[in-house]
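Asks: turn this into a model:
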Amino acid sequence: MGVRRRGRELALQMLYQHEIAGTDVDAIVASFDELAQAPPATRDFAVSLARGVIGKLPDLDSRLVDQADNWRLERMAAVDRNILRLALYELLFAGETPPAVVIDEAVEIAKRFGSERSSQFVNGVLDGFLHRGKAAGGA
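Replies: Numbers count the residues shown, from 1 in each chain. Sure, this is the predicted structure:
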């Protein structure tokens with residue numbers, strides 16, 4: 001598994017713990033054994049993503065609600081919601097990864113961590129976001 005895929009998976013786990021348990025990122029980093037065992041580049045990428053998402057949470061959630069027609073944020077599965085937040089953060093604020101790769105990564109992570117239909121849901125929301133952004137002149 002690549003450095004960035006593993007970093008995204010670790011970031012997802014940190015975001016999930018942050019949301020469900022209310023744990024702050026520093027406490028998660030200090031106690032997350034899988035993160036501690038990851039290579040430095042993977043660990044740095046994961047922590048950077050998690051901090052970035054948490055720092056932009058109101059903006060990301062607002063955009064997510066706008067895009068996910070007929071889905072209130074609270075109705076989304078926590079895993080799906082955090083995968084979408086992570087992908088939107090990369091699309092909007094960490095532009096070094098091509099959008100198609102960000103979406104593919106999110107779909108693959110949804111297959112691993114989400115429910116049977118998570119990958120379809122994640123793909124649909126992100127694809128719609130990308131197309132809406134192109135129609136409006138940017139993401």
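Asks: tell me which strands and helices the helix or strand hosting Glu108 is in contact with?
Replies: Under the criterion of DSSP states H and E, Glu108 resides in helix 99-113. Applying 3 or more CB pairs under 8 Å, 6 or more residues apart in numbering; DSSP states H and E, we find helix 99-113 packed against helix 3-21, helix 78-93, helix 118-135. Any C-beta I mention is one placed from the backbone N, CA and C, and that applies to glycine too.
Asks: how close does the residue positioned nearest the centre of the chain get to Gly7?
Replies: Compute the mean C-alpha point of the chain, and by CA atoms, centre = their mean the closest residue is Leu86, 1.8 Å away. Here Leu86 is placed at a distance of 10 Å from Gly7 (CB to CB, to the nearest Å).
Asks: between the helices and strands packed on helix 99-113, which one is closest to Val47.
Replies: helix 3-21 (7.7 Å; CB to CB).
Asks: what do Leu86 and Gly7 both touch?
Replies: Common neighbours of Leu86 and Gly7, counting by CB atoms under 8 Å, 6 or more residues apart in numbering, are Leu49.
Asks: give me the low-pLDDT residue ranges for the chain?
Replies: Within the chain, the ranges that satisfy pLDDT under 70 run 1, 133-139.
Asks: try it again with 50
Replies: Applying pLDDT under 50 to the chain flags the ranges 135-137, 139.
Asks: winner for burial among the helices and strands packed on helix 99-113?
Replies: Highest mean neighbour count of the helices and strands packed on helix 99-113: helix 78-93, a mean of 23 (counted as mean count of other CB atoms under 10 Å).
Asks: contacts for that one?
Replies: Counting by CB under 8 Å, 6+ apart, 8, 11-12, 15-16, 19-20, 49, 52-53, 56-57, 59-61, 63-64, 68, 73, 76, 97, 99, 102-103, 105-106, 109-110, 113-115, 118, 121-122, 125-126, 129-130, 139 sit against helix 78-93.
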